[in-house]
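K.L.:
Dropping a prediction and its sequence here:
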Amino acid sequence: MAGEPRRPLVAGNWKMNGLMTSVSEVSKIAAGARDLAQRVELLVCPPATLIAAFAVTVRGSPLRIGGQDCHSEARGAFTGDLAAEMLKDAGASAVIVGHSERRRYHDENDTDVRAKTMAAMRAGLMTIVCIGETRAEREAGATLSRIEQQFHDSLPVAADEKSLVIAYEPVWAIGTGLIPTTADVAEVHGFLRKQLVTRYRSAGEAIRILYGGSVKPVNAKELLGTANVDGALVGGASLKAEDFLGIAATYG
Ligand code: 13P
């Protein structure tokens, strides 16, 4: 609802990391999530092979489990792919789509991302749609126009705060230790907020916008304290419970 404070979300993207032995790490995150549940929502997106085991491990805790990608179809002859419905069936309640690594290594474009977003919503998953400019686009002064294009082309016509989360991830900040200035983050997040309100009216006020790219416990306060930053999408630092909970504790 418009006017209500947005509940922060700290989401971990484990990328292609983790084995069954990682169940102990996610148990620690689940225990920490209990202490922080009043103030922040926590989500871990492991590789698909671990979704079911993690979902069982964290049952009864406020920690949610999500996927990292889904196919746009519900079933069919798509060897190696996973439908949103399958992620849900395995115990996921959310999914990341349009991550820059998917766009880069799997040639996903904005049209693909929109189809995946709609598939994830159809399956009832909270969908985290990633957008962000490359280093070349930023240097060319094309950041906002690229963001606007991705926003326009990747997102569905209808959405609300339960079905949609946006993650702003500058491609050049991912895994590099580099972060934008808080002024740059505020500019993009403010721009995204305006786009959200124009497209989704009052729901646009309630939809969360996460920042992602080299978020660590040491810089979390600065980044998460920026206007219109409603949480973080964390890569490397989400693999260790201590670091991930340290970031979430910014809201403590
Ligand atoms: P890092 O936190 O490792 O930079 O990764 C960010 C990311 O890509 C999250 O989706």
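P.N.:
Perfect, I can see it now. A quick note: this is a predicted structure, and the numbers were derived from the prediction, not measured.
K.L.:
residues touching the closest residue to Phe191 other than its chain neighbours, list them.
P.N.:
Nearest residue to Phe191 in three dimensions, chain neighbours excluded: Leu144, at 5.6 Å (Cβ to Cβ, 6 or more residues apart in numbering). In short, each C-beta sits where N, CA and C put it, glycine included. Shown in contact with Leu144 (Cβ atoms under 8 Å, 6 or more residues apart in numbering): 187-188, 191.
K.L.:
Flag every residue of this protein that's near the ligand.
P.N.:
13, 99, 169, 174-175, 212-215, 233-237 (Cβ under 6 Å from any ligand atom).
K.L.:
Tell me which residues touch the residue of the chain found nearest the ligand, please.
P.N.:
Residue nearest to the ligand within the chain: Gly235 (2.2 Å; Cβ to the nearest ligand atom). Neighbour list for Gly235: 12-13, 15, 174-175, 212 [criterion: Cβ under 8 Å, 6+ apart].
K.L.:
Tell me the one among the residues you listed nearest to Ser22.
P.N.:
Proximity of these to Ser22 (Cβ to Cβ) peaks at Gly12, which lies at 11.4 Å.
K.L.:
That closest one - that's part of a strand, no?
P.N.:
Yes - looking at Gly12 with DSSP: H, G, I helix; E, B strand; the rest coil, it is inside a strand.
K.L.:
what's around Ala31, how many residues?
P.N.:
For Ala31, the tally of surrounding residues (other Cβ atoms under 10 Å) stands at 14.
K.L.:
Oh, that last question was meant for Gly60, not what I typed.
P.N.:
Applying other Cβ under 10 Å, we find 8 residues neighbouring Gly60.
K.L.:
And the buried ones among the contacts of Leu144, selectable in ChimeraX?
P.N.:
The ChimeraX command for the buried members of the contacts of Leu144 (criterion: 16 or more other Cβ atoms under 10 Å) is given here:
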select :187,188,191
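K.L.:
Make TSV out of the contacts of Leu144 and add pLDDT.
P.N.:
Formatted as TSV, the contacts of Leu144 follow (pLDDT from 0 to 100):
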residue	pLDDT
Glu187	98
Val188	98
Phe191	98
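K.L.:
leaving aside the residues next to it on the chain, what's closest to His189?
P.N.:
Nearest residue to His189 in three dimensions, chain neighbours excluded: Asn228, at 3.7 Å (Cβ to Cβ, 6+ apart).
K.L.:
Pretty sure that neighbour sits against Arg208.
P.N.:
No - if you go by Cβ atoms under 8 Å, Asn228 and Arg208 don't touch, sitting 9.6 Å apart.
K.L.:
Now do the helix or strand hosting Ala120: which elements does it pack against?
P.N.:
Taking DSSP states H and E as the definition, Ala120 sits inside helix 110-122. Secondary-structure packing of helix 110-122 (3 or more Cβ pairs under 8 Å, 6 or more residues apart in numbering; DSSP states H and E): helix 84-90, strand 94-97, strand 126-131, helix 143-154.
K.L.:
The ones you listed: which one's closest to Arg201?
P.N.:
It's helix 143-154; of those, that one is closest to Arg201 (Cβ to Cβ) at 15.5 Å.
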